[in-house]
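Colleague: coordinates only, sequence not included:
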């Protein structure tokens, strides 16, 4: 795990050093850069790598050359099946002298070309410089666990990095992409490939491409398809195979030359991962980490219950809720792309606590999307699934994202502020998922390929790597995902229970109160929502959505926005389970967007992350 950056064009070593410095937090264990001559002077290719040493600590230094000195790679991620691939490549005549997953990728590319991508099991984003043909090769893992951002400042020039900040000096600073802004206002996140920074995009998950100085604008192509055949297994057999595949995924994700811990909420997903870990190593050797805010109904009781059940070393950090507003600007600066997610501070605090003891943690993300764990998935059951596709799509996205409809939003936009065509494109971009006959499969595809990437994995990458912590996602193991997606909806939503087949697979491993802990209600992360709403409505963050602030920004009509938000106090809206939350979510998302604009568009000064991290807090204590 690390941070990578690079370029091609009439750029200097000093510029490459500055790019590397901008991602230093991602890799405190080492820095290397490489400069190579381009196709013609004065063009140069630059590669920069910031290392977080996890595997092959002595021999995994990057940038790394292939054995024939044609290809040079900078790589961010982990390849969990690299030992098996290494043996395969050796049998094919490849030359490998290290025990490094990086070497497996670059030698695999030398011997197999793009075919090596299909064989990689893990999370990755990399750039390979072809020193003979003077071109760049870029690739990103199937599920988008690791990011890769690119910009083409002008013809025959490209810059890329693990984060956006290193690219901004090359494109003249930050400005807004209107299509991405429309996406955010509709969904509270932006899936891309364009980012909210005009001129910067990310490589889509499961894609690769070749950039050539003479080739025009960069384009990519998929190397993996997500189509799977529907399983014919019985329910019990499917649960047994799920248990076996999850165990295999956890085993592969624990491969490291450093200790591996876990973030523990006490929910079904993280508890399932912890139970699997304890079958592989002594439970007492596992460090589990939980964040609490001093609320009677937060996650700590559930996490403590599971930690005691397994017998792991449990570390609970109690965090002052005031840190959310105190650290808000730094948080938004860290995630780079605004998202209206309520647990930004929790993720950051969790990574800081874990990094005091380990470099690597396993996390439970992905299970809700694979096994239909969110409340809105009940819309995929009878009789809802027989509703007209357009109606079901509108209601499903409305419940999922809890943002205003396109029609409502259009009424709040200032004329000329946001291109209405961009809003129309954003409103219909997910139509193909819901208009293909299989509504349940389409909705799941929408979640896995869009919301999971933009709203979950991006947040986790930025906020864990801010503390140089590697987060691994065993539920997104390729084989596990394929098995999960092959299972019929009826195995996942069964007798009114979400994630039914996962609960069945974990029946003998988890306590009943953990196994059947509900997703909804005022427990766990939901306990923090009233406090967040208060911060924005009349607390320290209220200035971010004031009439004056909204009017000055110029994207939205402040009177119409406030009229919409004020509806939350009416009895009809206040007691509505969806509409009340839609308005509070919109207010919070607008606060995030305005804070982003102040940081990146206005250049408002903020404390660095390192300074914020030094604020006093409650120490980690044993559970």
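Modeller: Alright, I've got the coordinates. Keep in mind the model is a prediction, meaning the values are calculated, not measured.
Colleague: give me the element residue 48 is part of.
Modeller: Residue 48 is located in strand 44-51, with elements delineated by DSSP states H and E.
Colleague: ditto for residue 258
Modeller: Counting by DSSP H and E, no helix or strand carries residue 258.
Colleague: if we can go back for a sec, show me what the strand holding residue 48 is packed against.
Modeller: The contact analysis (3 or more Cβ pairs under 8 Å, 6 or more residues apart in numbering; DSSP states H and E) places strand 44-51 against strand 2-9, helix 13-22, strand 30-37, strand 71-79, strand 122-130. Where you see a C-beta, it was placed from the backbone N, CA and C, and this is true even at glycine.
Colleague: deepest of those, which one?
Modeller: strand 2-9 (a mean of 27; mean count of other Cβ atoms under 10 Å).
Colleague: quick one on the thing from earlier: right, so of the helices and strands packed on strand 44-51, which gets closest to residue 413?
Modeller: Closest to residue 413 of the helices and strands packed on strand 44-51 is helix 13-22 (Cβ to Cβ; 33.6 Å).
Colleague: can you state the direction angle for that closest one and strand 44-51?
Modeller: 30 degrees (axes from the mean of the first three to the mean of the last three Cα atoms, to 10 degrees).
Colleague: what's the angle from helix 13-22 to strand 30-37?
Modeller: If you take the same axes, to 10 degrees, helix 13-22 sits at 150 degrees to strand 30-37.
Colleague: now the closest residue to residue 376 other than its chain neighbours: how far from residue 447?
Modeller: Spatially, and ignoring its direct neighbours in sequence, residue 376 is nearest to residue 399 (4.4 Å; Cβ to Cβ, 6 or more residues apart in numbering). Counting by Cβ to Cβ, to the nearest Å, the gap from residue 399 to residue 447 is 12 Å.
Colleague: the more surrounded of those two?
Modeller: Neighbour tally, residue 399 and residue 447, criterion other Cβ atoms under 10 Å: the higher count belongs to residue 447, 25 against 18.
Colleague: Tabulate the helices and strands packed on strand 44-51 (TSV), appending distance to residue 254.
Modeller: TSV is the format used below for the helices and strands packed on strand 44-51 (distance: least, Cβ to Cβ, whole Å):
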stretch	distance to residue 254
strand 2-9	19
helix 13-22	30
strand 30-37	23
strand 71-79	11
strand 122-130	13
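Colleague: Output the ones you listed as CSV; include the columns distance to residue 590 and mean pLDDT.
Modeller: Shown next, in CSV, are those (distance: least, Cβ to Cβ, whole Å; pLDDT from 0 to 100):
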stretch, distance to residue 590, mean pLDDT
strand 2-9, 31, 96
helix 13-22, 28, 98
strand 30-37, 39, 96
strand 71-79, 32, 97
strand 122-130, 31, 98
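Colleague: Among those, single out whichever gets nearest to residue 342.
Modeller: Comparing those by Cβ to Cβ, strand 122-130 comes nearest, at 24.7 Å.
Colleague: neighbours around the closest residue to residue 283 other than its chain neighbours, how many?
Modeller: The shortest distance from residue 283 to any non-neighbouring residue, by Cβ to Cβ, 6+ apart, is to residue 311 (4.2 Å). Residues lying near residue 311 (other Cβ under 10 Å) number 12.
Colleague: from what I can see residue 311 touches residue 284, true?
Modeller: Yes - between residue 311 and residue 284 there is a contact under Cβ atoms under 8 Å: 6.1 Å.
Colleague: ok, the residue nearest the centre of the chain - contacts?
Modeller: Compute the mean C-alpha point of the chain, and by Cα atoms, centre = their mean the closest residue is residue 457, 1.2 Å away. Listed by Cβ atoms under 8 Å, 6 or more residues apart in numbering, the contact set of residue 457 reads 143-145, 365, 473.
Colleague: want to try TSV for these, with secondary structure as columns?
Modeller: Below are these laid out as TSV (DSSP: H, G, I helix; E, B strand; the rest coil):
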residue	secondary structure
143	coil
144	coil
145	coil
365	coil
473	coil
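Colleague: Identify the farthest-apart pair in the residues you listed.
Modeller: 144 and 365 (11.6 Å).
Colleague: okay, those two: which has more neighbours?
Modeller: Per other Cβ under 10 Å, whichever of residue 144 and residue 365 has more neighbours is residue 144, with 29 against 21.
Colleague: Show the backbone phi and psi for that one.
Modeller: Here is the backbone geometry of residue 144 (degrees, to the nearest 10): phi 80, psi 30.
Colleague: Leaving aside the residues adjacent along the chain, what's closest to it?
Modeller: The shortest distance from residue 144 to any non-neighbouring residue, by Cβ to Cβ, 6+ apart, is to residue 205 (3.3 Å).
Colleague: State the mean pLDDT of stretch 387-394.
Modeller: Here stretch 387-394 scores 86 as its mean pLDDT.
Colleague: Go through it and flag the buried ones.
Modeller: By 16 or more other Cβ atoms under 10 Å, the buried positions in stretch 387-394 come out as 389, 392-394.
Colleague: cool, and stretch 88-101?
Modeller: So for stretch 88-101, counting by 16+ other Cβ under 10 Å, buried means 88-89, 94, 96, 98-101.
Colleague: Switch these over to a markdown table, and while doing so, append distance to residue 344 and secondary structure to every line.
Modeller: Output for these, formatted as a markdown table (distance: Cβ to Cβ, whole Å; DSSP: H, G, I helix; E, B strand; the rest coil):
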| residue | distance to residue 344 | secondary structure |
| --- | --- | --- |
| 88 | 41 | helix |
| 89 | 41 | helix |
| 94 | 43 | coil |
| 96 | 41 | coil |
| 98 | 38 | coil |
| 99 | 37 | coil |
| 100 | 34 | coil |
| 101 | 30 | helix |
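Colleague: Strands of the stretch 251-400 of the chain, start to end?
Modeller: 260-263, 287-292, 313-318, 360-362 (DSSP state E, counting those that start in this stretch).
Colleague: Mind checking these for the one nearest to residue 534?
Modeller: Closest to residue 534 of the strands of the stretch 251-400 of the chain, according to Cβ to Cβ: strand 287-292, at 18.6 Å.
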